[in-house]
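**Q** fold the stuff below for me.
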Amino acid sequence: MPLAHHKPYWLFPNLLSLDAPLVAVAWLYIFAKTWRVQYLPWVAYVSLGLVVWIIYASDRLLDVAIRDGETETRTARHRFHCQYKRRFYPLILIAAITTVILVVTGIQSTIYNYALMGGIMVAGFFSLSIFSTKGPDELPYTKNTLAGISFAYGTAMLAFAYTGFEMNELLYSAEFICFAVLCILNISAIDLWQHASLTTDVEVKAIDELALTLPLTLLGAASLIFALKDGELTTRPFFYAILTGAALLQILNRIRTRFSMDALRVLADVAMLVPLLIFLAYSRA
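**A** Numbers count the residues shown, from 1 in each chain. From the prediction side, this is the model:
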């Protein structure tokens, strides 16, 4: 395993596609506590983690297949999946079978109503991955937006399914919308940072900077307003968590030139995990 031996230990969650499942499980807990879900079975957490891992690992294997021969454009995670794809394929199959068993036997049937829309979103995401074409200077805004919304919806729906409310209330909730925007910006940040690093055009760099700085600022302001408006303090820890995630991404955006792209990918995931600590600290304060 020559590739694996030369990679630092902190990069392995990203190489193994474990970063996104960890973020999803952490935010599922935040959603469940925020919405006062009385009981959310452990099966929900395991199923979500497995589904997210399947989607991310499959997407990277698909990227490898589409970019066959374009080794110079691959990231470390794509090269890793390419090198060990024969091991990933059976693992994905096992994970898929396990997920189906867990969902059918351990999660209440109302989840199927939510899962249909989630499946459509994921299908749309993979369709964009396969059929969309973009030049070297184009950024995949549509794909990133759909990926962020899909990730947010899949995470939030598991908690919301146990609240007893109607599904449309989930889509209109401030919690879901703010988290979806945070996910979109987190996914887009990597592409914007890489795009800016590959050009010497000052104007392009400024546009990439603004494309992340402005929405992060607006998201931070919106989350702070939502937090302060919550007189009963039921959702305030949640919006402080969103504010923390936006602030950390903003900091990374300002100091990104100090890190490699691999390090930035890991730090962007850390920026989505640290909010859990803020949520726990404020909830117990």
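**Q** helices along the chain, start to end?
**A** 2-5, 12-15, 19-34, 42-66, 76-83, 85-106, 111-131, 141-160, 167-172, 174-197, 202-229, 236-255, 261-283 (DSSP state H).
**Q** tabulate the ones you listed in TSV, adding columns for mean pLDDT.
**A** As requested, the helices of the chain are arranged in TSV below (pLDDT from 0 to 100):
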stretch	mean pLDDT
helix 2-5	48
helix 12-15	90
helix 19-34	96
helix 42-66	92
helix 76-83	85
helix 85-106	94
helix 111-131	88
helix 141-160	93
helix 167-172	87
helix 174-197	94
helix 202-229	92
helix 236-255	96
helix 261-283	94
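**Q** and the ones you listed as TSV, adding mean neighbour count?
**A** C-beta: built from backbone N, CA, C; applies to glycine. What follows is these, written out as TSV (neighbours: other Cβ atoms under 10 Å):
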stretch	mean neighbour count
helix 2-5	10
helix 12-15	18
helix 19-34	22
helix 42-66	19
helix 76-83	20
helix 85-106	13
helix 111-131	15
helix 141-160	22
helix 167-172	13
helix 174-197	21
helix 202-229	16
helix 236-255	22
helix 261-283	18
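**Q** can you tell me how far residue 58 sits from residue 239?
**A** Relative to residue 239, residue 58 is positioned 33 Å away (Cβ to Cβ, to the nearest Å).
**Q** residue 260 too?
**A** Counting by Cβ to Cβ, the gap from residue 260 to residue 239 is 32 Å.
**Q** what of residue 39?
**A** In terms of Cβ to Cβ, residue 39 sits 24 Å off from residue 239.
**Q** then residue 224?
**A** Distance from residue 224 to residue 239, by Cβ to Cβ: 7 Å.
**Q** my guess is residue 212 meets residue 185, correct?
**A** Yes - Residue 212 lies in contact with residue 185 (Cβ atoms under 8 Å); the separation is 6.6 Å.
**Q** which residues do these two both contact?
**A** residue 249 (Cβ atoms under 8 Å, 6 or more residues apart in numbering).
**Q** okay, now residue 140: neighbour count?
**A** 16 (other Cβ atoms under 10 Å).
**Q** hang on, it packs against residue 125?
**A** No - taking Cβ under 8 Å as the definition, residue 140 is not a contact partner of residue 125, at 10.7 Å.
**Q** state the phi and psi torsions of residue 233.
**A** The phi and psi torsions at residue 233 (degrees, to the nearest 10) take the values phi 60, psi 20.
**Q** try residue 200
**A** phi -110, psi 0.
**Q** mind checking how far it is from residue 252?
**A** As judged by Cβ to Cβ, residue 200 and residue 252 stand 22 Å apart.
**Q** likewise for residue 11?
**A** As defined by Cβ to Cβ, residue 11 lies at a distance of 16 Å from residue 252.
**Q** what's the answer for residue 39, then?
**A** Relative to residue 252, and taking Cβ to Cβ, residue 39 is found at 36 Å.
**Q** ok, residue 243 next?
**A** Distance from residue 243 to residue 252, by Cβ to Cβ: 15 Å.
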